[in-house]
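**Q** Return a 3D structure for these sequence lines:
(one chain, ligands or ions: 1)
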Amino acid sequence: MDSDRNPREVTPAKLSLVDNALSGVKLDPHLAVPRVHTPPAMFGAGGPMLKQFDQSNAASRVGSQAATPPRSVVGIGNKVAKPDYSEAKIVVAMVGLPARGKSYLSNKLMRYLKWLEYDVKVFNVGQLRRSRARQKAQESGKHEDHTASYFSHDNVEATRLRDQLATDSLDMLIQWLRDGGNVGIHDATNSTRSRRAKIEERVAQEKGFVTIFLESVCDDPALIAANVALKVSSGDPDYKDMSREEAKADFLRRIKQYEAVYETITEPHLSYLRIINVGNQVTVCRIHGYLQSRIAFYLMNLHLKPRSIFFSRHGESQYNVEGKIGGDSPLSERGQKYATALPALITDNIGDAPLTVWTSTLQRTILTAQHLPYNKLTWKSLDELDAGVCDGMTYEEIEHAYPDDFAHRDEDKFNYRYRGGESYRDVVVRLEPVIMELERQENILIIGHQAILRCLYAYFHNLPQADLPYIKIPLHTVIKLTPKAYGCDEERYTLPIGAVDTHRPKPGSSPQLQLSGTGREYYGEKA
Ligand code: F6P
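**A** Numbering: from 1, shown residues only. Modelled structure (predicted):
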């Protein structure tokens with residue numbers, strides 16, 4: 001035969017062999033055309049964490065659609081355990097006068113670290129003081145006076161009692177760390193050198209435990225006034241029997257008592273962070289170690305400027321209509337309508353205020369943002385949860401092709417990692433730089449995806465990991481979050497443009513998500 005004589009020659013017989021070999025391979029129709037539209041221009045300074053548009057992503061997603069999973073991903077579509085954080089034992093001791101935002105910082109830090117799955121608890125000495133006083137009153141009928149004079153350094157008996165409370169609270173914190181906790185926050189004034197020396201000495205007795213002092217200094221009268229107002233109007237049990245005016249006057253006297261003895265941190269050997277006016281200026285001293293540095297970096301990014309964060313999923317996509325997950329499909333007709341209507345909704349809401357729009361690198365988010373008259377940035381980290389070998393399939397197809405995986409995901413959705421893809425935990429980890437940047441920025445609109453927005457939303461509302469994968473983030477709805485002192489206010493705007501419902505509830509249950517409030521929590525204290 002001819003081909004025997006010339007092995008390189010292409011013959012009809014050889015072509016038909018190639019044809020047969022290719023017949024089982026499903027080609028993605030999107031490969032024939034550019035899968036992603038021209039990226040928007042990159043605007044703004046864009047910190048180092050802001051990723052350039054990455055065209056290669058389209059190819060990597062296609063690569064994950066193999067009909068037969070490659071060997072390397074077989075068997076990993078399963079629950080993946082939480083990383084072992086048992087070695088992390090940190091005491092964060094707050095330092096600062098009253099009304100300097102110590103509880104605010106404690107609460108923020110707790111929310112961030114809990115989102116990253118560290119076990120964190122705030123030990124508030126004021127609450128311990130009140131609960132002990134209540135107990136005493138019940139037992140002996142004697143009511144302790146906790147007005148300003150109780151906090152005077154000249155009040156020897158009260159000073160002794162307050163020192164004892166701080167010591168007891170620290171002991172409780174240390175016991176809690178011994179029992180498995182990772183970061184215990186000692187929320188007290190710790191405003192003298194001698195008090196800090198005691199804390200340091202006590203923690204040093206515990207092997208592997210470290211202390212970081214976190215001093216919140218505030219010399220902005222407006223900020224102090226706001227903190228004072230918050231204290232007297234937030235249902236603080238110390239002021240339950242006083243009028244607002246009386247409460248304010250008493251609280252200001254209390255601050256004076258502390259000012260008389262306050263010593264800012266100057267001890268050169270301490271590990272500490274000093275934050276001035278929540279984010280205006282930060283001093284970092286002797287901060288070593290992974291988690292410690294992370295805590296410092298997070299706190300450095302905080303600010304208190306009023307702003308809103310808007311979340312919207314992309315407009316309905318063609319894959320949404322077909323019930324398929326993942327992929328990089330364009331918008332459906334209704335999705336395009338949403339993209340057209342979105343600018344008016346946002347502009348009506350925000351007026352002339354500056355806003356930056358963040359999208360993922362997937363075309364459904366970029367197309368949804370296309371008419372928005374704001375600066376835009378694309379983030380690879382905002383791409384939808386990678387469903388690995390299940391990318392492009394419907395839930396029914398997944399259940400049929402991978403019944404065990406499907407059941408595992410239903411059992412424990414947060415921990416389930418798709419074969420060759422990601423789990424919700426993986427997504428939280430990759431979103432951490434996004435959270436960091438969100439804390440640094442002012443008004444931001446994120447045009448994102450269902451799983452991504454669930455993870456971000458859970459951070460702002462302090463929702464537990466088990467509930468996170470079931471949070472309802474419907475299509476064609478803008479969620480506006482406005483950070484407040486102890487949480488976020490939320491408003492939702494749904495445009496009257498129909499869309500499919502992509503929410504798949506956990507089989508057999510309908511968890512009711514409890515949003516945390518925006519008020520300071522007094523941890524079960526009766527006001
Ligand atoms: O269905 C839309 C979608 O964004 C998919 O692309 C993604 O896999 C899915 O939602 C994530 O939601 P769930 O974790 O509930 O499957």
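
**Q** Disregarding flanking residues, what is the spatial nearest neighbour of Y395?
**A** Spatially, and ignoring its direct neighbours in sequence, Y395 is nearest to R504 (6.2 Å; CB to CB, 6 or more residues apart in numbering). Placement of C-beta: from N, CA and C, glycine included.

**Q** cool, E399 as well?
**A** E399 sits nearest to F406 (CB to CB, 6+ apart), 4.4 Å away.

**Q** correct me, but that neighbour touches E397?
**A** No. Taking contacts as CB atoms under 8 Å, F406 lies outside contact range of E397: 10.0 Å.

**Q** These two: who's more crowded?
**A** Here F406 and E397 are set side by side on neighbour count (other CB atoms under 10 Å), and the busier one is F406, at 19 against 15.

**Q** Buried ones in the one helix or strand the more buried one maps to, by neighbour count?
**A** In this assignment (DSSP states H and E), F406 forms part of helix 403-411. Within helix 403-411, the residues scored as buried using 16 or more other CB atoms under 10 Å are D405, F406, H408, R409.

**Q** mind listing what P469 touches?
**A** K413, F414, Y424, A451, R454 (CB atoms under 8 Å, 6 or more residues apart in numbering).

**Q** Spell out the secondary structure type for H503.
**A** coil (DSSP: H, G, I helix; E, B strand; the rest coil).

**Q** one step back: with the ligand as the reference, measure out to the residue nearest to E399.
**A** F406 sits 11 Å away from the ligand, going by CB to the nearest ligand atom, to the nearest Å.

**Q** And A451, by the same measure?
**A** Distance from A451 to the ligand, by CB to the nearest ligand atom: 4 Å.

**Q** Over to V125?
**A** Using CB to the nearest ligand atom, we find V125 at a distance of 41 Å from the ligand.

**Q** pretty sure that residue contacts R195?
**A** No. Using CB under 8 Å, V125 is not in contact with R195; the gap is 10.7 Å.

**Q** which residues are in contact with both of the two?
**A** Each of A166 lies in contact with both V125 and R195 under the rule CB under 8 Å, 6+ apart.

**Q** contacting residues around the residue of the stretch 251-400 of the chain found nearest the ligand?
**A** Using CB to the nearest ligand atom, the single residue of the stretch 251-400 of the chain nearest to the ligand is I325, 3.5 Å away. By CB under 8 Å, 6+ apart, the contact set of I325 is Y319, A387, C390, D391, G392, M393, T394, Y395, I398.

**Q** where does the protein have low pLDDT?
**A** Counting by pLDDT under 70, the ranges of the chain that qualify are 1-76, 510-527.

**Q** Distance of N78 relative to the ligand?
**A** Taken as CB to the nearest ligand atom, the span from N78 to the ligand is 16 Å.

**Q** Specify the beta-bridge partners of that residue.
**A** R417 (DSSP bridges).

**Q** Surely P373 is within a helix?
**A** No. Using three-state DSSP, the assignment for P373 is coil, not a helix.

**Q** Tell me how many other residues crowd the closest residue to it other than its chain neighbours.
**A** Take P373 and drop its neighbours on the chain: the residue closest to it by CB to CB, 6+ apart is P343, 6.3 Å away. Each residue near P343 was counted by other CB under 10 Å, and the total is 15.

**Q** who touches P343 in this structure?
**A** H371, L372, P373.

**Q** Just the buried ones from those, in PyMOL syntax?
**A** In PyMOL, a selection of the buried entries from these looks like this (16+ other CB under 10 Å):
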select buried, resi 372
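
**Q** element containing the residue nearest the centre of the chain?
**A** Centrality entry for the chain: nearest residue to the mean C-alpha point is Y459, 3.0 Å, by CA atoms, centre = their mean. Applying DSSP H and E as the criterion places Y459 in helix 450-461.

**Q** Quick check, S381 in contact with R430.
**A** Yes. Counting by CB under 8 Å, R430 is a contact partner of S381 at 5.1 Å.

**Q** Next, give phi and psi for the closest residue to S216 other than its chain neighbours.
**A** Closest residue to S216 apart from its sequence neighbours, by CB to CB, 6+ apart: G96 at 4.1 Å. Note on G96: backbone dihedrals following degrees, to the nearest 10 are phi 160, psi 160.

**Q** hang on, the earlier thing: and which of the buried residues of helix 403-411 is nearest to the ligand?
**A** Closest to the ligand, out of all of the buried residues of helix 403-411 and judged by CB to the nearest ligand atom, is R409, at 7.8 Å.

**Q** Off-centre distance for the helix holding F406?
**A** 26 Å (CA atoms, centre = their mean, to the nearest Å).

**Q** Go ahead and produce CSV holding the CA coordinates of that helix.
**A** The C-alpha trace of helix 403-411 is given here as CSV (Å, rounded to 0.1, in the frame of the first residue of the first chain):
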residue,chain,number,x,y,z
PRO,A,403,-24.0,9.6,42.9
ASP,A,404,-21.6,9.3,45.9
ASP,A,405,-20.2,12.7,45.3
PHE,A,406,-23.6,14.2,45.0
ALA,A,407,-24.6,12.6,48.3
HIS,A,408,-21.4,13.8,50.0
ARG,A,409,-22.0,17.3,48.9
ASP,A,410,-25.6,17.3,50.3
GLU,A,411,-24.3,15.9,53.6
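
**Q** Just give me the neighbour total for the residue nearest to Y395.
**A** 14.

**Q** One more: V357?
**A** Burial of V357 is recorded as 25 neighbouring residues (other CB under 10 Å).

**Q** The residue of the stretch 101-250 of the chain found nearest the ligand - nearest residue in space that isn't next to it in sequence?
**A** Here the residue of the stretch 101-250 of the chain nearest the ligand is W115; by CB to the nearest ligand atom that distance is 17.4 Å. Spatial nearest neighbour of W115, excluding adjacent residues (CB to CB, 6+ apart): Y459 at 4.6 Å.

**Q** Quickly note the distance from that neighbour to the ligand.
**A** Distance from Y459 to the ligand, by CB to the nearest ligand atom: 17 Å.

**Q** Enumerate every residue touching that residue.
**A** R111, Y112, W115, I435.

**Q** which ones among these are found in strands?
**A** Judged by DSSP state E, strands contain none of the contacts of Y459.

**Q** Tabulate these (a markdown table), appending neighbour count.
**A** Shown next, in a markdown table, are the contacts of Y459 (neighbours: other CB atoms under 10 Å):
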| residue | neighbour count |
| --- | --- |
| R111 | 18 |
| Y112 | 22 |
| W115 | 23 |
| I435 | 19 |
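
**Q** between those residues, which is nearest K256?
**A** R111 (31.7 Å; CB to CB).

**Q** Look up how far V434 lies from D426.
**A** 14 Å (CB to CB, to the nearest Å).

**Q** More neighbours: the two, which one.
**A** V434 (22 against 15).

**Q** contacting residues for that one?
**A** Going by CB under 8 Å, 6+ apart, the list of residues near V434 reads M49, W358, W379, S381, L382, L456.

**Q** likewise R178?
**A** With CB under 8 Å, 6+ apart, R178 has these contacts: E206.

**Q** Please tell me how far it sits from G208.
**A** Taking CB to CB as the measure, R178 falls 10 Å from G208.

**Q** With E117 instead?
**A** 20 Å.

**Q** who has more neighbours, these two?
**A** Between E117 and G208, counting by other CB under 10 Å, E117 is the more crowded of the two (16 against 8).

**Q** which SSE is T159 in?
**A** Applying DSSP H and E, one finds T159 within helix 156-178.

**Q** Mind listing what's buried along that helix?
**A** For helix 156-178, by 16+ other CB under 10 Å, it's A158, L161, R162, L165, A166, S169, L170, L173, I174, L177.

**Q** and what of stretch 340-349?
**A** Buried, per 16+ other CB under 10 Å, within stretch 340-349: A341, L342, L345, I346, N349.

**Q** Also stretch 447-465?
**A** Buried residues in stretch 447-465 (16+ other CB under 10 Å): 447-463, 465.

**Q** and what of stretch 181-200?
**A** Buried-residue list, stretch 181-200, by 16+ other CB under 10 Å: 181-192, 195-196, 198-200.
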